[in-house]
Structures are given as C-alpha cells and as structure tokens.
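Asks: no FASTA, just this:
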C-alpha cells in the first residue's frame, strides 16, 4: 500500500511549483504553508466525517461566557444541555432579539464638589459581567470583564479613578480621581439577571454565551470538527494517506496565488479539485446511508 509522508508532500509541492531548492522556497516557509493549509483550509473546505466529533463542557453557576478551545475548526448544531435540545444561534442580532437584555439606568448620586467616593447597592443582587458603566460625564468607568467573579471586580476610570463591582450582591463603589462638580448627576447603568436553566446559546467570537445564565452545572454538548495535528517530522503522515496529494496540490495552489502566478494557480486548482473529489468520496458514501429528512 502506498503511503504519503510529510517528506513526500514537500517533494510534491516543490515539483508542482518549480521551487526545487530551499533557496527558492525555504524549508521553514514550506512547513508553515503546509500546516496552515492542513489545519485550517483543508478541514474547513472538505468537512471530513473522520474529523466529526463532539465538544462538551459543564457550565458554572452564574457564568454566561465560555471560550471555545483552539482544537476545533468549527461547531454546528444541534446543541444539547443535559441531553435536551437548546436553541442555537450564530448571529448576535438574532440571539439578542430572541433573548433581550434589559439595561437599567439610574442616577444614584449627585456630586457636591467635595465627595469623590460613592457607593450603592442595587435592587437586583446579580449583575451581568461586562455591563456596568458609571460616569459623571467627566470620568467614566466601563466594566469590560466577561467572566463571573464572586469577589469584587476592579475597574480603572478614564482619568485614573477606581471603581469596584460585586456581581453577587450588587454592591458598587466608585472612587473618582476628581470629585464631581456640585449638582452634577452621576449616572449608573447595568444589566441584572436571574440565573436558571439555559434555553439558548450563541456561538460568536470564539465564545459560547448562554441565555438564561446557568444557575448550576449542566452538561453542554455540540457537534464539532477537530483540528488536525500539525506536521513536524519528515516521517509524519496525514490521518489518511489518500489526503497526501490533496494537501500537496492545495498548498501549491495557495503558494501560486500569493506570488501572483495566475496561470499556474488555475492549472493546479483543476488538479486540486480532482483530489478533493477523491477525498470526499468516503464521506459521500457515508452520507448515502442517511435518509434525507423532509423540509415540512
């Protein structure tokens, strides 16, 4: 059985592109180009069933945001929470239209020209991370934190003052660098929330955001495509040897276009598409075993 090692792939790329020596294309650049294609372009374009898996994690009480790991290229619905389907969103506008967040705006303090420290406890005991803004229209405090914390979160004002926000308890303290003028309104805005079992999830900016915010530990699960491990040694092989020519032609094609070699790019693209069809044949055969669902 024929095998394709990383050494074979590099040799093929040099032959196809005419860059036979390291003077024309360094080994370091070749390694970088192959791995970028193999880890990002290749799995994103062909959606290999061999790389289809699940990603799952357990939620934390009062934590709305969860970073997605770098080991996956993309995620797709359906998504479940404790084995029950929840709504999946990738458009923030649609997510917030279906799951609105109310911003509470108030004037809890008025400056007297002397006092620089102001404190209050809001009615809603739970404050949504990253939503609080305090200002006297001279100095402004903006909470940019996206992680739930039980201890006070420290915010630095635009002029060097310091504010603290206690998400769990609603205590807010603002220490302005300069005392607000007498009669000056000091504005406070924030979003409060009540935790519960999430019914929706937004995947955006490499983060999962839940609505409702979890009130306890739930097991979240979603379909995912794993990122392929990079090549490092000349003896390394792709997961399937049949991928070798496709990786070589795909990398060569990217190299041609980056150097403005249009004619060569078009010629290699035809060969690349032929190899893509061979690679996808296995996935296509598997899909033939699945009966299409009606759209009604």
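Replies: Cool, got the structure. A quick note: this is a predicted structure, and the numbers were derived from the prediction, not measured.

Asks: For the closest residue to residue 71 other than its chain neighbours, grab the count of nearby residues.
Replies: Nearest non-adjacent residue to residue 71, counting by CB to CB, 6 or more residues apart in numbering: residue 227, 5.3 Å away. Bear in mind the C-beta positions are built from the backbone N, C-alpha and C, glycine included. Neighbour count of residue 227, defined by other CB atoms under 10 Å: 18.

Asks: mind checking how far residue 227 is from residue 219?
Replies: 23 Å (CB to CB, to the nearest Å).

Asks: swap in residue 180?
Replies: 48 Å.

Asks: Residue 80 belongs to a strand?
Replies: Yes: residue state for residue 80 (DSSP: H, G, I helix; E, B strand; the rest coil) corresponds to a strand.

Asks: tell me the contacts of it?
Replies: 86, 220-222 (CB atoms under 8 Å, 6 or more residues apart in numbering).

Asks: Let me have the residues you listed in TSV, extended by pLDDT and distance to residue 71.
Replies: Converted to TSV, the contacts of residue 80 look like this (pLDDT from 0 to 100; distance: CB to CB, whole Å):
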residue	pLDDT	distance to residue 71
86	97	23
220	98	16
221	97	16
222	97	14
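
Asks: Now, these that are in helices?
Replies: Judged by DSSP state H, the contacts of residue 80 include no members of helices.

Asks: Out of those residues, which is nearest to residue 152?
Replies: Closest approach between these and residue 152, by CB to CB: residue 220, at 28.5 Å.

Asks: Give me the neighbour count for that closest one.
Replies: Neighbours around residue 220, by other CB under 10 Å: 20.

Asks: ok, now residue 217?
Replies: 10.

Asks: gap between the closest residue to it other than its chain neighbours and residue 224?
Replies: Spatial nearest neighbour of residue 217, excluding adjacent residues (CB to CB, 6+ apart): residue 58 at 5.0 Å. Taking CB to CB as the measure, residue 58 falls 16 Å from residue 224.

Asks: out of those two, which sits in the more crowded spot?
Replies: Set residue 58 next to residue 224 and count neighbours by other CB under 10 Å: residue 224 wins out with 20 against 12.
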